[in-house]
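> Sequence and predicted structure, then a few things I'm wondering about:
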Amino acid sequence: MSDSLVSALASPEERDAEASVRPKRLAEFVAQERVREQLEVLLHSALKRGSPPDHILFSGSPGLGKTTLAMIVAAELGGALRMTSGPAIERSGDLAAVLTSLQAGDVLFIDEIHRIAKPAEELLYSAMEDFRVDVMVGKGPGATAIPLDVEPFTLVGATTRAGLLTGPMRDRFGFVGHLEFYTAPELAALLARSARILGVAATQEGIAEIAGRSRGTPRIANRLLRRVRDYAELRADGVVNVSTARAALKVYDVDDAGLDRLDKAVLVSLVELFGGGPVGLSTLAVAVGEQPDTVEEVVEPFLVRAGLLARTPRGRVATPAAWRHLGKKPPNGTFGAGTAVVPDLFTVDGQPDT
Ligand SMILES: Nc1ncnc2c1ncn2[C@@H]1O[C@H](COP(=O)(O)OP(=O)(O)OP(=O)(O)O)[C@@H](O)[C@H]1O
Ligand SMILES: [Mg+2]
């Protein structure tokens, strides 16, 4: 599912490649001015006071820089970084062990913090608020709680689903940084930096070509840069320019709006088979030979964000921009008001869907 070249998720093999271009300090972190400025004040005032800053939460879609910022927080504070993730903390005892082993000024990074188990979450509350945890010793009626001190530390949490965080959890973060998708010029600046670090010769136009197809996401931009570099090295003189970028991305099936083969298939079905919709999700999924979940969770979010597809109560609808993207003239009349050419009579689960 995440093997697409324009997936926002990182593949395991990608970790090393990402590490080499990851900014280490706040000043190197591209764009996100507001979050960067706020963080700068938060971290540097804490440094000046000589006490740890408030706990920090980063939220935003995959690949926008949450892990990068967590590492930057530790680097700016000069503290050691301990990394774990919500799903990795199965028992509260595991978390107690981590918390009580922290040294003053350490930064504890919990990725996917919305997936932390309930008992561990409650333990985390007291650690965050009072720098204290109650560790249970023994079982049954004889069990006793032993309070243990936790050194002053800073928790950095990251989540792609801020809405799934419990209220008490969210309230314990003194700073919440929400990362937005990047504009094409911002991605171009980011790519110019990556190219410099990777020692890749690139023209401004070549970089802009890649930036425009990267779906507002640094991870995708860096990945496309690596693929264009490969192509340029093998088939041309190694320079990333407009022609190598276009040729490479054609080979990799990434179109000029950053759509891959499946994204494109969904739009083409919607427009050519169903007259632009509205059509139900399951019907659309059958038409492209995919699971409805994949279409809904992997394909549609970007199409919706790009203004190419709308989800209406009566089904999926191609926007006028989608017609134009496919080189077709949008039909007259208000979009979404038409009747589906194929009504939602056949659905995967036999249920009419929306
Ligand atoms: N503002 C930025 N400037 C430069 N590079 C960036 C920036 N944001 C992200 N990157 C690069 O993009 C890649 C992905 O970033 P990162 O791993 O921090 O994303 P993430 O938000 O943690 O994603 P996930 O939700 O999948 O964990 C990294 O290689 C990082 O170097
Ligand atoms: Mg991450």
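That came in fine, so what should we check first? Ligands and ions are numbered 1, 2, ... in the order given.
> can you count the residues close to residue 181?
Residues within reach of residue 181, counting by other C-beta atoms under 10 Å, total 18. Every residue, glycine included, has its C-beta placed from N, CA and C.
> Could you verify that it is part of a strand?
No: Residue 181 is assigned coil when assessed by DSSP: H, G, I helix; E, B strand; the rest coil, not a strand.
> what about the strands in the stretch 201-350 of the chain?
309-312, 315-318 (DSSP state E, counting those that start in this stretch).
> Equivalent analysis for the stretch 51-200 of the chain, please.
Counting by DSSP E, counting those that start in this stretch, the stretch 51-200 of the chain has strands at residues 56-59, 81-85, 107-111, 132-137, 144-149, 154-159, 175-178.
> Including distance to residue 265, could the ones you listed go into JSON lines?
Shown next, in JSON lines, are the strands of the stretch 51-200 of the chain (distance: least, C-beta to C-beta, whole Å):
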{"stretch": "strand 56-59", "distance to residue 265": "31"}
{"stretch": "strand 81-85", "distance to residue 265": "34"}
{"stretch": "strand 107-111", "distance to residue 265": "33"}
{"stretch": "strand 132-137", "distance to residue 265": "52"}
{"stretch": "strand 144-149", "distance to residue 265": "56"}
{"stretch": "strand 154-159", "distance to residue 265": "31"}
{"stretch": "strand 175-178", "distance to residue 265": "32"}
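> would you list those strands in TSV and tack on mean pLDDT, distance to residue 48 and mean neighbour count?
Shown next, in TSV, are the strands of the stretch 51-200 of the chain (pLDDT from 0 to 100; distance: least, C-beta to C-beta, whole Å; neighbours: other C-beta atoms under 10 Å):
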stretch	mean pLDDT	distance to residue 48	mean neighbour count
strand 56-59	98	17	24
strand 81-85	96	21	16
strand 107-111	98	18	24
strand 132-137	88	26	15
strand 144-149	91	25	11
strand 154-159	98	15	25
strand 175-178	97	16	18
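> any idea what sits nearest the residue most central in space within the chain, other than its immediate chain neighbours?
What sits nearest the mean C-alpha location of the chain, by C-alpha atoms, centre = their mean, is residue 62, with 1.0 Å. Computed as C-beta to C-beta, 6 or more residues apart in numbering, the closest residue to residue 62 that is not its neighbour in sequence is residue 8, at 4.1 Å.
> Go through the strands of the stretch 201-350 of the chain and name the closest to residue 208.
Residue 208 lies closest to strand 309-312 among the strands of the stretch 201-350 of the chain, at 25.5 Å (C-beta to C-beta).
> From what I see, the residue nearest to residue 62 and residue 219 are in contact.
Yes: in this structure residue 8 lies within contact range of residue 219 using C-beta atoms under 8 Å: 6.1 Å.
> Identify the contacts common to the two.
Residues touching both residue 8 and residue 219 (C-beta atoms under 8 Å, 6 or more residues apart in numbering): 62, 63.
> could the strands of the stretch 51-200 of the chain be laid out in CSV, adding distance to ligand 2?
As requested, the strands of the stretch 51-200 of the chain are arranged in CSV below (distance: least, C-beta to the ion, whole Å):
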stretch, distance to ligand 2
strand 56-59, 9
strand 81-85, 9
strand 107-111, 6
strand 132-137, 26
strand 144-149, 30
strand 154-159, 6
strand 175-178, 14
